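S.K.: just need the structure, nothing else, for what follows:
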Amino acid sequence: YSQRKENSYSECRQAAADQYHRALCLGPSQEDPDHPINKLKDAWRSMHYPPETSSIMLMARMVAVVKQAKDKAHWQKLFSHFCSRTANEEEEIAHKLLGEQFRGQLALLHSLFTAALYDDHLSRWFVPEGFRSLFALVGTNGQGIGTSSLSQWVHACDALELPAHQREHLDSFIDQLYKDIEKETGDFLNCEGSGLFLLQSSCNHSCIPNAEASFPDNNFLLHLGALSDIAPGEEICISYLDCCQRDRSRHSRHKILRENYLFVCSCPKCASQTDELDVTSEEEEEEEGEAEGETEGDELEDEMTDV
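M.R.: Got it, this is the predicted structure:
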């Protein structure tokens, strides 16, 4: 078994080297803070930006793949299949993804990205407009890769057949466990990276999705599974919201989607709730009140997270 595992690891490492890693390998400069790639990583970490929505190193890997590819046009065409937007939309998305407090940091990221990775074949990605476009592409299409052992354990718990009182006790324990962990992890809990998946990125959002993306093999392989019967010709939709967010009011769901994904949802669930008042539930109002009352020190809560 150990020999098979070692062989698998060696094959994976070789495949990575052949596809992109040679262009990113730091070699003896691994711990050199002045190496251009380390400077880029450090700048990104200082922003504490959630990796499930965008990652500067995912963009770096895209550049590295093209650099090492024999057929560079193939990869450029493949990346172009992901959505494109107008310059104004891209700038709005890029600034939204970074957050208001980092509005001036996009130029710094662009400068460090260019210094570390510039390639003539991808010169259009390195001009300011092209960098914003690439950033927006990854930000709106990137899928968080959730492979933590905790999420696997919770899914196993969900599958258990338990008496009602035991289920209630277990669910309460899990809810409290997540709350305690999130005090340290912030939004990074079940996310270990970010990836681009062509089929998954083609799925639109719905507040009543008929499919979901998951990582049941505990690696980077994404599984797109049906949540209900899907008829021929029916659109496959996933949800950009988690289960708790989908149970919120239409107004609250729209607020989350508008702020984080820059669109207004018109799925069947939202359409059926158009007569609802544009107010949040008491629980949501309390949460919003707590968020508004947070001190500046509280915002440093997730500094322990390495992105």
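S.K.: looking at this structure, which helix or strand is least sure?
M.R.: Least confident helix or strand, the chain: helix 282-292 with a mean of 55, by mean pLDDT, DSSP states H and E.
S.K.: run a quick neighbour tally on residue 246.
M.R.: As a burial measure, residue 246 scores 16 neighbours (other CB atoms under 10 Å). Heads up, the C-betas are built off the backbone N, CA and C, glycines and all.
S.K.: quick one, what contacts residue 263?
M.R.: By CB atoms under 8 Å, 6 or more residues apart in numbering, the contact list for residue 263 reads 205, 257.
S.K.: no, scratch that, I was asking about residue 40
M.R.: Residue 40 neighbours (CB under 8 Å, 6+ apart): 56, 60, 109, 112, 113, 115, 116.
S.K.: if I've got this straight, the last one is in a helix?
M.R.: Yes. Following the definition DSSP: H, G, I helix; E, B strand; the rest coil, residue 116 is counted among the residues of a helix.
S.K.: 410 is where my numbering starts, stick with that
M.R.: New numbering, starting at 410: the last item is residue 525.
S.K.: now do it against residue 451, distance only.
M.R.: Using CB to CB, to the nearest Å, one gets 11 Å for the distance from residue 525 to residue 451.
S.K.: skipping its backbone neighbours, what lies nearest residue 519 in space?
M.R.: Spatial nearest neighbour of residue 519, excluding adjacent residues (CB to CB, 6 or more residues apart in numbering): residue 540 at 4.5 Å.
S.K.: now the strands: where do they sit in this protein?
M.R.: Remark: strands assigned in the chain by DSSP state E are 552-553, 603-604, 613-614, 620-623, 632-635, 646-647.
S.K.: would you tell me which of these gets closest to residue 439?
M.R.: Smallest distance to residue 439 across the strands of the chain (CB to CB): 22.1 Å, for strand 603-604.
S.K.: higher neighbour count, residue 525 and residue 451?
M.R.: Higher neighbour count among residue 525 and residue 451: residue 525, with 18 against 11, using other CB under 10 Å.
S.K.: residues in contact with the residue nearest to the more buried one when sequence neighbours are not counted?
M.R.: Distances taken as CB to CB, 6+ apart put residue 445 closest to residue 525, at 3.7 Å, once the chain neighbours are dropped. Residue 445 sits next to 521, 524, 525, 526 when contact means CB under 8 Å, 6+ apart.
S.K.: now the strands of the chain as a markdown table including mean neighbour count?
M.R.: Below are these laid out as a markdown table (neighbours: other CB atoms under 10 Å):
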| stretch | mean neighbour count |
| --- | --- |
| strand 552-553 | 20 |
| strand 603-604 | 22 |
| strand 613-614 | 14 |
| strand 620-623 | 17 |
| strand 632-635 | 11 |
| strand 646-647 | 18 |
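S.K.: out of these, flag the one nearest residue 683.
M.R.: Per CB to CB, nearest to residue 683 of the strands of the chain: strand 613-614, 17.3 Å.
S.K.: what lines up beside the closest one in the sheet?
M.R.: strand 646-647 (parallel) (DSSP bridges).
S.K.: show me the shaky parts of the stretch 610-716 of the chain.
M.R.: The model of the stretch 610-716 of the chain has pLDDT under 70 over residues 671, 686-716.
S.K.: filter the contacts of residue 449 down to the buried ones and hand me the ChimeraX line.
M.R.: Buried residues within the contacts of residue 449, by 16 or more other CB atoms under 10 Å, are selected in ChimeraX with:
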select :465,469,518,521,522,525
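S.K.: quick one: closest of the strands of the chain to residue 574.
M.R.: When the strands of the chain are compared for distance to residue 574 using CB to CB, the nearest one is strand 620-623, at 28.8 Å.
S.K.: show me what that closest one is in contact with.
M.R.: Strand 620-623 is contacted by residues 552, 555, 606, 609, 612, 631-636, 639, 645-648 when judged by CB under 8 Å, 6+ apart.
S.K.: now the two most distant members of those.
M.R.: 555 and 639, at 23.1 Å, using CB to CB across the contacts of strand 620-623.
S.K.: so which of the two has more stuff around it?
M.R.: The residue with more neighbours, out of residue 555 and residue 639, is residue 555; 19 against 13, by other CB under 10 Å.
S.K.: next one, pLDDT for that one please.
M.R.: Note on residue 555: pLDDT of 68.
S.K.: tally of neighbours for residue 424?
M.R.: Residue 424, neighbours per other CB under 10 Å, totals 11.
S.K.: what about it, distance to residue 430?
M.R.: Using CB to CB, one obtains 9 Å as the distance from residue 424 to residue 430.
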